[in-house]
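Novice: return atomic coordinates for the entry below.
(one chain, ligands or ions: 1)
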Amino acid sequence: MNSIADAGAAAVLELRDVRFVRNGRVILDDIDFAVHPGEHWALIGPNGAGKSTILSLCGALQHPTAGEVFVLGHRIGRVELQRLRRSIGHVNPRHPLTSALSIRDVVLTGVTGTVELVPRWEPTTAELGRANDYVHLLGLDGKAEEPWTTLSQGERGRTLIARALMTDPELLLLDEPSTGLDVAAREQLLDTVDRVRIAHPALASVLVTHHLEELPRSTTHAMLLADGRITSIGRATDVLTTANITACFAHPIEIEHRRGRWHARSTAHDAPATSPAPAGR
Ligand SMILES: Nc1ncnc2c1ncn2[C@@H]1O[C@H](COP(=O)(O)OP(=O)(O)OP(=O)(O)O)[C@@H](O)[C@H]1O
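Specialist: From the prediction side, this is the model:
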């Protein structure tokens, strides 16, 4: 799956020596990272570490105080952001839709980049076809006519990923996509993310989460963040280790990597290892 990531392609996203200050407080400092086509990054760290702020810089929603952010080769601040944002699929679990649009219509709002359907706007046959294809890819067949207002959180999450794919983005940003899902809905969503990444091998993505159990198998790279600084960065298998996670969260946590998935467990209250009985007893 990672053949494109290894091909040395130009970065889809690059943060160079980024610093972000608000109200005199340093929220991010010394942030350097680059995301290439086919790479799927996880951003992990404790509450308040700065994950969402990094994601907002990646999505060209905010400017850094110092340093440079390049999205799709364009330096933020030098290009028209609106145009750039169409190449970025941003999945925000707090999508502010309140009306009863059908799943298919919510997916179609990805074309117009709006929350509601634009009055008098009609999708082309090709756009309708794409919307139906994504409804199918995201496992929402048979539900396309169901209203947003009655969807479960898991169905909403999958609908929003389909919506984000409508502009054929090169970069997909996923902000805590599994928050609030029960275990079955979370597993369905993670399988869906894996399916999307396989169907779009050049797509790059950045996923923010607090929980290692919420990382899809297709995760290739990880950045650990604490107090606005990177504590570890690189290939997921090198970064997501007991030592690195323990240091990032300042708490003893044991990490297991099994069948492509990560699991975390606190070892703070484990009984101390008993010393072996003396020989000859
Ligand atoms: N515009 C802002 N003005 C002032 N403080 C801000 C601003 N944006 C973020 N912060 C602060 O910066 C810190 C990092 O916030 P951010 O939301 O990026 O962290 P996070 O890692 O996503 O946290 P969580 O896991 O709790 O969602 C927090 O302490 C937050 O209060």
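Novice: doesn't Ala236 make contact with Leu224?
Specialist: No. In terms of CB atoms under 8 Å, Leu224 does not count as a neighbour of Ala236; the distance is 10.7 Å. C-betas here are computed from N, CA, C, even on glycine.
Novice: quick one: which of these two has more around it?
Specialist: Leu224 (24 against 20; other CB atoms under 10 Å).
Novice: partner residues bridging that one?
Specialist: Here Leu224 sits in beta bridges with Ile44, Ser232, going by DSSP bridges.
Novice: ok, it - contacts?
Specialist: Ile44, Gly45, Ile230, Thr231, Ser232, Ile233, Val239, Asn244, Ile245, Cys248 (CB atoms under 8 Å, 6 or more residues apart in numbering).
Novice: now the residues you listed as JSON lines including pLDDT?
Specialist: Compiled in JSON lines, these are given as follows (pLDDT from 0 to 100):
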{"residue": "Ile44", "pLDDT": "96"}
{"residue": "Gly45", "pLDDT": "95"}
{"residue": "Ile230", "pLDDT": "98"}
{"residue": "Thr231", "pLDDT": "97"}
{"residue": "Ser232", "pLDDT": "97"}
{"residue": "Ile233", "pLDDT": "98"}
{"residue": "Val239", "pLDDT": "97"}
{"residue": "Asn244", "pLDDT": "97"}
{"residue": "Ile245", "pLDDT": "96"}
{"residue": "Cys248", "pLDDT": "96"}
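Novice: now the helix or strand where Ile54 lies: buried residues?
Specialist: Per DSSP states H and E: Ile54 is located in helix 51-58. Neighbour-count burial for helix 51-58 flags Lys51, Thr53, Ile54, Leu55, Ser56, Leu57, Cys58 (criterion: 16 or more other CB atoms under 10 Å).
Novice: with pLDDT and distance to the ligand added, can I get these in TSV?
Specialist: Shown next, in TSV, are the buried residues of helix 51-58 (pLDDT from 0 to 100; distance: CB to the nearest ligand atom, whole Å):
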residue	pLDDT	distance to the ligand
Lys51	95	4
Thr53	94	3
Ile54	95	7
Leu55	93	8
Ser56	91	8
Leu57	91	10
Cys58	91	12
